[in-house]
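J.: what would the 3D arrangement of this be:
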Amino acid sequence: MKGAKSKSESKNSRLGVKKREAPAVKKAPAKKTKEAKDPNKPKRPASAFFVFMEDFRKQYKEKHPNNKSVSVVGKAGGDKWKSLSEAEKAPYVAKAEKRKSEYEKTLQAYNKKLAEGKDAEEEEEESDKSKSEVHDDEDDSAEDEAEDDDDDDDE
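T.: Residues are numbered from 1 along each chain as shown. From the prediction side, this is the model:
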């Protein structure tokens, strides 16, 4: 067997090719979990464009009653908004600013109420803890007395 390779030679030839190790992948830092949104928080006001779109949608539906595509209405509204002059946009900008000022007032009231609520919750938790400690002692003694009474009934 002159031309035949031994098993050890074939293994060595395969091992001769070194495989490259995959570069160490750095893991991204864990993403912070988002806090749950408060449903009572006031919603942000609409911009001037969206105030315009409220009126534009009504007009567009009257002119094109068969159109059911939202994207077509949005594109037509965007084109119309771009073609308006500053004077034509002014009423929508004014409405948007009015809504924004109202939003800021309600947001301040909401934040104030939220801050007061947190302070009240912290005080309430402290008082609950002190109450539970006192009540636990009373409950234990009441349970002991009840067990003693039960033992007397059995005899």
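
J.: flag the shaky bits of this structure, pLDDT-wise.
T.: Scanning the chain for pLDDT under 70 picks out 1-19, 21-30, 119-155.

J.: repeat the analysis, applying 50 as the threshold.
T.: Within the chain, the stretches with pLDDT under 50 are 155.

J.: just the helices in it please.
T.: Ranges of helices within the chain are 7-15, 48-63, 70-83, 86-154, based on DSSP state H.

J.: surely residue 45 meets residue 99?
T.: Yes - at 3.8 Å, residue 45 and residue 99 qualify as touching, with contact defined as CB atoms under 8 Å. All C-beta spots, glycine's among them, are computed from the backbone N, C-alpha and C.

J.: ok, now which ones touch residue 72?
T.: Residue 72 makes contact with no residue under the criterion CB atoms under 8 Å, 6 or more residues apart in numbering.

J.: ok, 10 Å please
T.: 60, 64 (CB atoms under 10 Å, 6 or more residues apart in numbering).

J.: could you measure from it over to residue 92?
T.: 21 Å (CB to CB, to the nearest Å).

J.: swap in residue 40?
T.: For residue 40 relative to residue 92 (CB to CB), the value is 28 Å.

J.: neighbour-wise, which of the two wins?
T.: Between residue 40 and residue 92, counted using other CB atoms under 10 Å, residue 92 has the larger neighbour count: 22 against 8.

J.: tell me how many other residues crowd the residue nearest to residue 50 when sequence neighbours are not counted.
T.: Leaving aside its sequence neighbours, residue 50 sits nearest to residue 96 (CB to CB, 6 or more residues apart in numbering; 7.9 Å). Here the count is done by other CB under 10 Å, and residue 96 has 19 residues near it.

J.: wait, residue 96 touches residue 44, no?
T.: No - applying CB atoms under 10 Å as the test, residue 96 and residue 44 come out as separate, 11.1 Å apart.

J.: need the contact list for residue 104.
T.: Counting by CB under 10 Å, 6+ apart, the residues that residue 104 touches are 42, 45.
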